[in-house]
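In: Turn this into a structure:
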Amino acid sequence: MDAKIQNRIRGCAVGAVCGDALGMPLEFCPPSPRDELVRDMLPGRLPAGSFTDDTELALTVAESLLACKQIDPDDLWRRFVKWYQSDPLDVGLYTSMVLKSAVQGLTREEAIRHARENSPLEASNGSLMRCWAVALAHWNDREKMLRDSAIQSMVTHTHPDCVAASIFINAMIYELIHGADRHEALTTCLKLDLPDELHRVILAAPNKRRNALRNTGWVLHSLESVIWGLMTTESFEDALIQVVNLGSDSDTSGAVLGAVAGAYYGLDAIPSRWLFAIQGVWLPRTGITLHVGEIITLADRLAKIQINPNSGT
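Out: Take a look at the predicted model:
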């Protein structure tokens, strides 16, 4: 593997975790004033440097890929349910509704149908925040990456916007890992078959004013913030600082932007003070702590796995 590609692959995984941890204490907060931006990992509901469900679910996707050598919806579903049963400290509302139904005895199809019929949050960002693991596993096969990005979303989030957003972000990661300029990558990925509203949101995002970005848990708001952050800044550090300081669902937008910007700028561009601060617990409540070295090792393992050519159906 080319050293630059490996650096970008590692940057994607580590960047996602850094974005989650940097955004964690700012979740549910209003936007930070421009002259008071948070630039370091601070404690919040968790100790400084801790990651949240955004990373935990991405790690679950990664573990399923490593175990099955393919995206296996049934295996991934079982792992999601097991994670939920571990009583994690943070779970998105829509994801919680789906997985709680599973614990109560519904099948995956029944749980998804129940959630979609009873929640206005069905177009939430729960599958977007975890999708980067698929991009790394398929870094050298675009078609498999596109297919499996959709599959991983539909395990819980079947709304067309959720599926398309996961495909789009992973396509961006794919292009950036292979050395595309961010403007090239955006132009290329806008040629995907995307829902009209999602396409309009992405196209308009770079020209949005900061105070117009809502950055909520709605998948289109997260996608808008991520594209705005990537296209209007000139470094990994500034991109992440700008996006997490939008507040609201800051850990998720931070995680997604961190994955994309990490794939663009590479691991070497991530500030060392953030790398050394990472200290997430995995699995929840086990006390097993992951630091940056374990995240890098995971990225390397994902990038080397051989995917079953008959997978994904």
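
In: all helices in the stretch 151-300 of the chain, in order from the N-terminus.
Out: Counting by DSSP state H, counting those that start in this stretch, the stretch 151-300 of the chain has helices at residues 160-177, 182-189, 196-204, 219-231, 236-244, 250-265, 272-275, 292-304.

In: Any chance of these in CSV with mean pLDDT as columns?
Out: As requested, these are arranged in CSV below (pLDDT from 0 to 100):
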stretch, mean pLDDT
helix 160-177, 98
helix 182-189, 98
helix 196-204, 98
helix 219-231, 98
helix 236-244, 98
helix 250-265, 98
helix 272-275, 98
helix 292-304, 96
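
In: remind me which residues of this structure are low pLDDT?
Out: Along the chain, segments meeting pLDDT under 70 span 305-313.

In: OK, contacts around the most centrally placed residue in it?
Out: The chain has Met129 as the residue nearest its centroid, 2.7 Å off, counting by Cα atoms, centre = their mean. Listed by Cβ atoms under 8 Å, 6 or more residues apart in numbering, the contact partners of Met129 are Asp54, Leu57, Ala58, Ser222, Thr252, Ala255, Val256. (Each C-beta comes from the backbone N, C-alpha and C, glycine too.)

In: for Ala67, what are its contacts?
Out: Asp75.

In: follow-up on the earlier one: out of the helices of the stretch 151-300 of the chain, nearest to Trp77?
Out: helix 160-177 (15.8 Å; Cβ to Cβ).

In: in the closest one, what counts as buried?
Out: Going by neighbour count (16 or more other Cβ atoms under 10 Å), the buried part of helix 160-177 is 161-177.

In: I'd like the helices of the stretch 151-300 of the chain as a markdown table, with distance to Ala133 appended.
Out: Formatted as a markdown table, those follow (distance: least, Cβ to Cβ, whole Å):
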| stretch | distance to Ala133 |
| --- | --- |
| helix 160-177 | 9 |
| helix 182-189 | 19 |
| helix 196-204 | 22 |
| helix 219-231 | 17 |
| helix 236-244 | 19 |
| helix 250-265 | 9 |
| helix 272-275 | 19 |
| helix 292-304 | 6 |
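
In: Please identify the deepest-packed of the ones you listed.
Out: helix 250-265 (a mean of 32; mean count of other Cβ atoms under 10 Å).

In: Tell me how far it lies from the chain's centre.
Out: Chain-centre distance of helix 250-265: 7 Å, with Cα atoms, centre = their mean, to the nearest Å.

In: what does stretch 36-48 give?
Out: For stretch 36-48 - counting by Cα atoms, centre = their mean - the centre lies 19 Å from the chain centre.

In: Using CSV, list the CA coordinates for it.
Out: Output of stretch 36-48 as CSV, limited to C-alpha atoms (Å, rounded to 0.1, in the frame of the first residue of the first chain):
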residue,chain,number,x,y,z
GLU,A,36,-14.6,31.8,22.2
LEU,A,37,-14.2,28.7,20.1
VAL,A,38,-13.3,25.5,21.9
ARG,A,39,-9.9,24.2,20.6
ASP,A,40,-9.0,21.5,23.0
MET,A,41,-10.6,18.3,24.2
LEU,A,42,-12.5,19.2,27.4
PRO,A,43,-14.5,17.1,29.9
GLY,A,44,-18.3,17.1,29.5
ARG,A,45,-20.7,14.3,30.4
LEU,A,46,-17.6,12.1,29.9
PRO,A,47,-13.9,12.7,30.7
ALA,A,48,-11.9,14.8,28.2
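
In: Report the backbone C-alpha coordinates of the lengthiest helix in the chain in CSV.
Out: What stands out as the longest helix in the chain, according to DSSP state H, is helix 3-23. Extracted in CSV, the C-alpha atoms of helix 3-23 (Å, rounded to 0.1, in the frame of the first residue of the first chain):
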residue,chain,number,x,y,z
ALA,A,3,2.4,5.4,2.2
LYS,A,4,0.2,8.4,1.4
ILE,A,5,-2.9,6.3,1.1
GLN,A,6,-2.1,4.5,4.4
ASN,A,7,-1.7,7.9,6.0
ARG,A,8,-5.1,9.0,4.7
ILE,A,9,-6.7,5.8,5.8
ARG,A,10,-5.3,6.2,9.3
GLY,A,11,-6.3,9.9,9.2
CYS,A,12,-9.9,8.9,8.5
ALA,A,13,-10.3,6.6,11.4
VAL,A,14,-8.4,8.7,13.9
GLY,A,15,-10.0,11.9,12.6
ALA,A,16,-13.4,10.5,13.2
VAL,A,17,-12.6,9.6,16.8
CYS,A,18,-11.0,13.0,17.4
GLY,A,19,-14.1,14.8,16.0
ASP,A,20,-16.4,12.8,18.3
ALA,A,21,-14.3,13.5,21.4
LEU,A,22,-13.8,17.2,20.6
GLY,A,23,-17.5,17.6,20.0
